[in-house]
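> The amino acid sequence is not available; the structure is as follows:
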């Protein structure tokens, strides 16, 4: 069975702090994709990143970075120097077994000014 | 203009009503999806359409009836709903149903009274 766990239900930080959102998944597939999405209060899910299971190189995009560790089945997301506009619910979503995305329960991030 | 448009944004309906949710994508994608987001549950995949053909139905009750007349449009017909069906219904599309990122609409907030 495929499963994704985002153990942190809610995180609150003060602006400019760094914050890491955890994602752990289970799969028997050897090939898969991993995604992160952001859901601001307006409701739509915004695509952030897609990572192929064969590519374990960490990725950085501006203040965002992702740490993919296949050995521990984790795909963690770090926001550096957080801003109030980063406040949202963040979802980790593996795409396994050539199926549609399966979302984790999400982590609500509150960035206080 | 957003790539995936959902109408209406908000809907209140009685349990005996019949209504439809509409989704339209302007991205040239071939796969479309309905997701349900309840307050206390993770995002749940409901239906998947690929090239207008339904490829997944995740044990959704028959009071939800999807329709995909072409690759750009997706409907969710609702009838005899229950209060527990109140949720945010999100439509998404992707180039294919497998390994590409999905783009989401802003959702329809449905309240069943």
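Yep, that arrived. Just so we're clear, the structure is a prediction, and the values are computed from it rather than from any experiment.

> Just give the strands next to the helix or strand of chain A with the lowest mean pLDDT in its sheet, each with its orientation.
The weakest-scoring helix or strand in chain A, judged by mean pLDDT, DSSP states H and E, is strand A:59-61 (a mean of 84). Strand A:59-61 sits in its sheet next to strand A:64-69 (antiparallel), going by DSSP bridges.

> after the partner strand comes which helix or strand?
Sequence order places strand A:74-79 as the next helix or strand after strand A:64-69, per DSSP states H and E.

> Strand A:64-69 and that next one, what's the angle between them?
160 degrees (axes from the mean of the first three to the mean of the last three Cα atoms, to 10 degrees).

> any residue of strand A:74-79 up close to chain B?
No - judged by Cβ under 8 Å from any Cβ of the partner chain, strand A:74-79 and chain B are separated, with a smallest distance of 14.5 Å. Bear in mind the C-beta positions are built from the backbone N, C-alpha and C, glycine included.

> which residues make contact with that strand from outside it?
A:18-25, A:34, A:36, A:48-49, A:51, A:63-69, A:86, A:90, A:92, A:109 (Cβ atoms under 8 Å, 6 or more residues apart in numbering or on different chains).

> Give me the PyMOL select line for these, limited to the buried ones.
Remark: buried members of the contacts of strand A:74-79, expressed as a PyMOL selection using 16 or more other Cβ atoms under 10 Å in any protein chain shown:
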select buried, chain A and resi 19+21+22+23+24+25+34+36+48+49+51+64+65+66+68+86+90+92+109
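
> so who does the most centrally placed residue in chain B touch?
The residue lying closest to the centre of chain B (Cα atoms, centre = their mean) is residue B:34, at 3.1 Å. Neighbouring residues of residue B:34 by Cβ under 8 Å, 6+ apart: B:23, B:45-47, B:66, B:74, B:76, B:89-91.

> name the element residue B:61 belongs to?
Going by DSSP H and E, residue B:61 is not in any helix or strand.

> Residue B:96 too?
Using DSSP H and E, residue B:96 is not contained in any helix or strand.

> residues in contact with it?
B:30-31, B:50.

> Please identify which of the residues you listed is nearest to residue A:43.
Closest approach to residue A:43 among these (Cβ to Cβ): residue B:31, at 21.0 Å.

> which residues sit in contact with the closest one?
Residue B:31 touches A:100, B:48-51, B:93-97, counting by Cβ under 8 Å, 6+ apart.

> Check residue A:31 too.
A:52-54.

> which of those count as buried?
By 16+ other Cβ under 10 Å, the contacts of residue A:31 give residue A:53 as buried.

> Can you show me the strands along the chain?
Going with chain A. Here chain A has its strands, by DSSP state E, at A:3-5, A:10-14, A:19-21, A:24-26, A:33-39, A:46-52, A:59-61, A:64-69, A:74-79, A:88-95, A:107-112.

> that's the wrong chain, I meant chain B
B:4-7, B:10-13, B:18-25, B:31-37, B:44-50, B:53-57, B:64-70, B:73-79, B:87-94, B:103-104, B:108-112.
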